[in-house]
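Trainee: build me a model:
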Amino acid sequence: MRNIFLFISFVVICINLFSFFYFPDLLWSLVIFGPLILLGLYDITQKSHSILRNFPVLGHMRFLLEEIRPEIYQYFVESDTSGRPFSREQRSVVYARSKNTRDTVPFGTVENVYETGYEWVNHSLSPKRMLHEDVRVMIGGPDCKKPYSASLLNISAMSFGALSKNAVIALNQGAKIGKFAHNTGEGGISPYHLKGGDLIWQVGTGYFGCRDKEGNFNPESFSLNAEREEVKMIEIKLSQGAKPGHGGILPAAKLTAEIAEIRDVPMGHDVDSPPAHTAFNNPVELVEFISKLREFSGGKPIGFKLCVGKRREFISICKAMHEIGITPDFVTVDGGEGGTGAAPMEFSNHIGTPLVEGLIFVHNILVGFDLRKNIKIISSGMMTSGFGLVKRLALGADLCNSARGMMMALGCIQARKCNSNVCPVGVTTQDPSLMKGLVPEDKNKRVNNYHRNTVDSACQIMGAMGLQKPEELKPWHLMRRIEAYEIRNFSEIYEYIETGSLLGKSKPKSYARACEAASSDSFFAKN
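Mentor: Numbers count the residues shown, from 1 in each chain. Down below sits the predicted model:
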């Protein structure tokens, strides 16, 4: 192709030289062919892209098609149920509910109800009526002085920096309208979080908003932020589902002077949070840190977020809680399938326990150590619908957080460009020209609509099941097709253990080895 390009270019140049002397009116063709010839000559001489050296000009089509491949696949190839990570059907219900438009479907389900893995709940011939205003959850254990009444559905952790200021404003204003909570993400509390919505302040390994000049935890600055009226709960981030064991990532392209000032970090570099905390080194110190934060905040609910990894490590934390008598007010469980603006591919795909198994495990361990009565569980990850909310409550959660569902309520089209600063709808970018496309005064209503309609949907499902309150949901309410002719409920698929069963000498066999290896004074296994 290189030789063909050079030959065609030579011919075009000769023709135009001939036209210069005999047919001057044809010289306008240089407006088209001139730039193409210059582009082709540059392609041949550059050394970075082999495909451009071998296929000058035409090679650019490959990069163009690669750039728009997700959109082509999304619009023209995928079916209603095949899209990833969220199908067209899942996205469409979020869009419809956020806009308060028709969210019903005609002509029956497009799901294959006889396919292995299909899930459902059974209805009752004595249905009840449940209202979303009546299904709030009180978070606060025996040591909490300022318990918080939370909605069944809240906004999951997303930082200013990962999100644009317009997106953060819209989310917070939506939370204010709907009376639900907005998790700040580990990037700290920005001015755009302070628009009247209830906040869950997340404290990550970078301690943004409560750090000293060396990047360590600073009690004084923590207290100043924790005592804000908007802050209703504080969440210590141990790990997150998209990149467990890896610190948060804010690409330098998305780091503005304003974000750098809020986080107290230098400009011009990726903001990579440390993978581990420096404020504590073992389970006992973590539990004592929880107690300190509760004191520094004036008694507000304190909890931690994790994606389940090594089982003995969470058991070690529960041993420490039991031994010294201090418990968090909540535990947020993220799944290995969780989303983020930027994560290494290997971490996103292959590290961390998926949500269902992680949620059931955390619930079981808290029950086994007789701690569950004082600790609420928040489920975070891949939740967009009323059925998704009901499923997680049945498996052991008390309430749920949603990140990507809320992003879609803002207008996210799953372009999957969150880490590039070129989000086409202004949600995950710091580019002012792209941010203008997101108008908070419109999107805050959509966030509220999506929240209200999704909780209403969950309440309608629970009412159809004959239940009067979410606490009545149990694992056996949720059904799954195991094989073509075999159906089981989740209490038959997964083990649920008895209260206090991990405190005695005779422990459930499936947990005995991890319990034996766990120690309250170390995250490492016993020798």
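Trainee: where do the strands sit along the stretch 151-300 of the chain?
Mentor: According to DSSP state E, counting those that start in this stretch, the stretch 151-300 of the chain carries its strands in the segments 153-155, 181-183, 198-203, 231-237, 249-250, 271-272.
Trainee: got a list of what the closest residue in space to Phe208 that isn't next to it in sequence touches?
Mentor: Leaving aside its sequence neighbours, Phe208 sits nearest to Gly188 (CB to CB, 6 or more residues apart in numbering; 3.7 Å). Every residue, glycine included, has its C-beta placed from N, CA and C. Residues near Gly188 by CB atoms under 8 Å, 6 or more residues apart in numbering: Ser159, Phe160, Phe208, Gly209, Asn225, Ile262, Arg263.
Trainee: neighbour-wise, which of these leads?
Mentor: Top of the contacts of Gly188 by neighbour number is Phe208, holding 29 neighbours under the definition other CB atoms under 10 Å.
Trainee: can you give me the helices in the stretch 251-400 of the chain?
Mentor: Per DSSP state H, counting those that start in this stretch, the stretch 251-400 of the chain carries helices over the ranges 257-263, 283-296, 311-324, 345-350, 355-368, 386-395.
Trainee: most packed of those?
Mentor: Greatest average neighbour count among the helices of the stretch 251-400 of the chain goes to helix 386-395 (a mean of 24), per mean count of other CB atoms under 10 Å.
Trainee: returning to what we had before: reformat the strands of the stretch 151-300 of the chain as JSON lines; add mean neighbour count.
Mentor: JSON lines is the format used below for those (neighbours: other CB atoms under 10 Å):
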{"stretch": "strand 153-155", "mean neighbour count": "27"}
{"stretch": "strand 181-183", "mean neighbour count": "27"}
{"stretch": "strand 198-203", "mean neighbour count": "26"}
{"stretch": "strand 231-237", "mean neighbour count": "24"}
{"stretch": "strand 249-250", "mean neighbour count": "24"}
{"stretch": "strand 271-272", "mean neighbour count": "20"}
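Trainee: so which of those is nearest Ile68?
Mentor: Of all those, strand 249-250 sits nearest to Ile68, with 25.2 Å by CB to CB.
Trainee: which elements pack onto the closest one?
Mentor: Contacts defined by 3 or more CB pairs under 8 Å, 6 or more residues apart in numbering; DSSP states H and E place strand 249-250 against strand 271-272.
Trainee: please redo it, this time with the cut-off set to 7 Å
Mentor: Judged by 3 or more CB pairs under 7 Å, 6 or more residues apart in numbering; DSSP states H and E, strand 249-250 has no packing partners among the helices and strands.
Trainee: can you offset everything so residue one is 862?
Mentor: I'll keep to 862 as the first residue from here, and by that count the last item is strand 1110-1111.
Trainee: is it true that Leu1227 touches Lys1237?
Mentor: No: if you go by CB atoms under 7 Å, Leu1227 and Lys1237 don't touch, sitting 10.0 Å apart.
Trainee: quick one: contacts for the residue nearest to His1138 when sequence neighbours are not counted?
Mentor: Among residues not flanking His1138 along the chain, Thr1066 sits closest, at 5.3 Å (CB to CB, 6+ apart). Each residue near Thr1066 by CB atoms under 7 Å, 6 or more residues apart in numbering is listed here: Gly1108, Ser1134, Pro1135, Pro1136, Ala1137, His1138.
Trainee: rebuild those residues as JSON lines, extending it with pLDDT and neighbour count.
Mentor: Formatted as JSON lines, the contacts of Thr1066 follow (pLDDT from 0 to 100; neighbours: other CB atoms under 10 Å):
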{"residue": "Gly1108", "pLDDT": "68", "neighbour count": "18"}
{"residue": "Ser1134", "pLDDT": "77", "neighbour count": "22"}
{"residue": "Pro1135", "pLDDT": "81", "neighbour count": "14"}
{"residue": "Pro1136", "pLDDT": "82", "neighbour count": "13"}
{"residue": "Ala1137", "pLDDT": "88", "neighbour count": "13"}
{"residue": "His1138", "pLDDT": "92", "neighbour count": "21"}
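Trainee: which ones among the contacts of Gly1049 are found in helices?
Mentor: Asn1086, Ile1123, Arg1124 (DSSP state H).
Trainee: of those residues, which is the nearest to Asp1317?
Mentor: Asn1086 (33.7 Å).
Trainee: so that closest one is in contact with Arg1072, correct?
Mentor: No: counting by CB under 7 Å, Asn1086 stays clear of Arg1072, with 11.1 Å between them.
Trainee: and for the two, which residues touch both?
Mentor: Common neighbours of Asn1086 and Arg1072, using CB under 7 Å, 6+ apart, do not exist here.
Trainee: related to what we said a few turns ago, let's have the strands of the stretch 1012-1161 of the chain in TSV, adding mean pLDDT.
Mentor: As requested, these are exported to TSV (pLDDT from 0 to 100):
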stretch	mean pLDDT
strand 1014-1016	96
strand 1042-1044	97
strand 1059-1064	97
strand 1092-1098	97
strand 1110-1111	72
strand 1132-1133	74
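Trainee: and the ones you listed: which comes nearest Lys1171?
Mentor: strand 1092-1098 (17.5 Å).
Trainee: contact partners of the closest one?
Mentor: Counting by CB under 7 Å, 6+ apart, 1000, 1009, 1042, 1044, 1047, 1059-1065, 1086-1087, 1154, 1158, 1161-1166, 1193 sit against strand 1092-1098.
Trainee: lovely, talk soon.
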